[in-house]
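[1] Generate coordinates for the sequence data below:
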Amino acid sequence: MSRAVFLIGFVCAIALSSFAQSSRICPNYFSVYPKGIIGPGTSVVFAIEIDDAGKSPVKTGVTWTVTPGDITSGQGTKRIEALISEELQGMNITVTAKVTDISELCSVSDVFPVAPIMAEDPLDQAGRITPAEYMARVDNMLLALKEDPPSFGLIDLVFAKSAPRSRKVSILNAIRKIVQLRRFDPTRISIAVSEAETEISTFWLVPPGARLPRTLPKNAKIYKLSELSKSQESIILRNN
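    Numbering: from 1, shown residues only. Take a look at the predicted model:
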């Protein structure tokens with residue numbers, strides 16, 4: 001089970017009437033990382049940071065609620081762990097924290113999206129095809145990505161162990177060429193490279209924050225097309 005950590009940002013307000021009744025000053029709440037998409041079926045850590053610099057000491061007990069979701073540890077502290085089940089995929093969860101013994105107004109609720117679970121069915125799949133045919137398959141994926149702006153494209157590229165270097169170069173060049181031709185954002189394309197007895201390519205649309213396909217080879221090395229320099233390409237071809 002994977003774990004993610006989120007720091008929740010707070011804006012603290014005190015009504016004048018409440019301020020008049022108490023000499024305590026609500027501490028400053030701030031965030032270092034107040035954003036992110038949660039993966040379904042994960043254990044997530046939520047935390048707040050409290051800056052009491054120059055202020056009189058205050059108690060910092062925190063009462064948390066995670067809706068929907070289950071708090072598994074840390075209730076009453078500045079850091080909790082919550083279980084986000086797979087059933088919550090595609091939903092939003094609301095995380096609320098209230099600092100106790102200060103003011104009921106010293107609290108906030110942040111909303112975190114839960115990523116959808118990766119579909120089991122790929123967009124497309126092909127065996128050994130010509131570079132021109134490969135470009136057409138990638139082109140279809142680019143068209144699908146234009147209709148789904150938040151997602152990114154993943155090409156699970158499995159080369160045959162017996163494939164010559166020239167074959168690998170031609171396929172990588174085909175991918176790069178069609179992406180440049182369509183003036184498509186290369187940061188939205190990733191390539192998972194591995195080897196097997198026969199060549200096969202599988203094309204996926206991956207929603208933001210979703211887990212990678214379960215069928216992805218365990219030995220696959222994933223590269224962003226935008227970061228695939230000639231030197232990195234040489235390493236890929238040498239290692240695969």
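
[2] where along the protein do the strands fall?
    Secondary structure of the chain (DSSP state E): strands located at 3-7, 28-30, 42-47, 49-51, 62-67, 70-73, 79-84, 92-99, 107-113, 124-126, 152-160, 189-196, 200-206, 221-224.

[3] residues in contact with the closest residue to I129 other than its chain neighbours?
    Spatial nearest neighbour of I129, excluding adjacent residues (C-beta to C-beta, 6 or more residues apart in numbering): R137 at 7.3 Å. Glycine gets a C-beta too; all of them are placed from N, C-alpha and C. Counting by C-beta atoms under 8 Å, 6 or more residues apart in numbering, R137 touches 124, 126, 129, 201, 203.

[4] and those residues, which two are the farthest apart?
    Spanning the widest gap among the contacts of R137 are I129 and F203, at 12.1 Å by C-beta to C-beta.

[5] Just the buried subset of the contacts of R137, please.
    201, 203 (16 or more other C-beta atoms under 10 Å).

[6] ok, and the closest non-adjacent residue to L205?
    In space, and not counting its chain neighbours, L205 is closest to S151: 4.8 Å by C-beta to C-beta, 6+ apart.

[7] My guess is the one you found contacts S190. True?
    No - S151 is not in contact with S190 according to C-beta atoms under 8 Å; the separation is 11.3 Å.

[8] Which of those two has more residues huddled nearby?
    More neighbours surround S190 than the other of S151 and S190, with 21 against 17 (other C-beta atoms under 10 Å).

[9] Got the domain ranges for the chain?
    By the assignment in automatic domain parsing, the chain contains the domains 3-113, 124-239.

[10] If I average pLDDT within each of those, which one is lowest?
    Ranked by mean pLDDT, the domains of the chain bottom out at domain 3-113, with a mean of 68.

[11] what residues are up against the most centrally placed residue in the chain?
    Closest to where the C-alpha atoms of the chain average out (C-alpha atoms, centre = their mean) is G209, at 3.1 Å. G209 makes contact with 36-39, 113-115, according to C-beta under 8 Å, 6+ apart.

[12] Mind checking which of these are in helices?
    Among those, no member falls in helices (criterion: DSSP state H).
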